[in-house]
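*Asks:* the sequence isn't on hand, but the structure is:
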């Protein structure tokens, strides 16, 4: 069996724990999200459109955890289902802006508070100070 030094073992344990934690968080989020009939990826795009307004597909991709091809399909399906609209940008006629429709806005205004309650329940294992510390530590990792 391959042997690793203490730092290597610690690094591998940390990465494994981060992956398992994210997987557990997403599973718990998805349990509630799936009750609405949208997928996790669809909800992720709807949240971005809800909070950041009209964006290009590229801007949406930059803000998600999903692949380029997958998000393009997700956006197409949300447009087809009436949650999003795609309009040609007045600033750059070559690009399209994606935004919520009335149906998408109504969905988010109804469901987002439920989502926040769900997150509160999931993350209630941490104190506010622990959440701030965890936030600081993970930001340090992805901003390097």
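*Replies:* Perfect, I can see it now. What you are looking at is a predicted structure, and each value in this text was computed from that prediction instead of being measured.

*Asks:* show me which helix runs longest in the protein.
*Replies:* Scanning the chain for the longest helix, with DSSP state H as the assignment, gives helix 6-33.

*Asks:* just after it, pick out the following helix or strand.
*Replies:* Counting by DSSP states H and E, the next helix or strand C-terminal to helix 6-33 is helix 40-52.

*Asks:* for that next one, what is the average pLDDT?
*Replies:* Averaged over helix 40-52, pLDDT sits at 95.

*Asks:* would you mark the buried spots in the next helix or strand along the chain from it?
*Replies:* Where DSSP H and E defines the elements, the next helix or strand beyond helix 40-52 is helix 57-63. By neighbour count, with 16 or more other Cβ atoms under 10 Å as the criterion, the buried positions of helix 57-63 are 57, 60-61, 63. (Each C-beta comes from the backbone N, C-alpha and C, glycine too.)

*Asks:* kindly report the same for stretch 20-39.
*Replies:* Buried positions in stretch 20-39, judged by neighbour count with 16+ other Cβ under 10 Å: 29, 32-33, 38.

*Asks:* tabulate these (JSON lines), appending distance to residue 82.
*Replies:* Converted to JSON lines, these look like this (distance: Cβ to Cβ, whole Å):
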{"residue": "29", "distance to residue 82": "23"}
{"residue": "32", "distance to residue 82": "22"}
{"residue": "33", "distance to residue 82": "18"}
{"residue": "38", "distance to residue 82": "12"}
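
*Asks:* many thanks, we can stop here.
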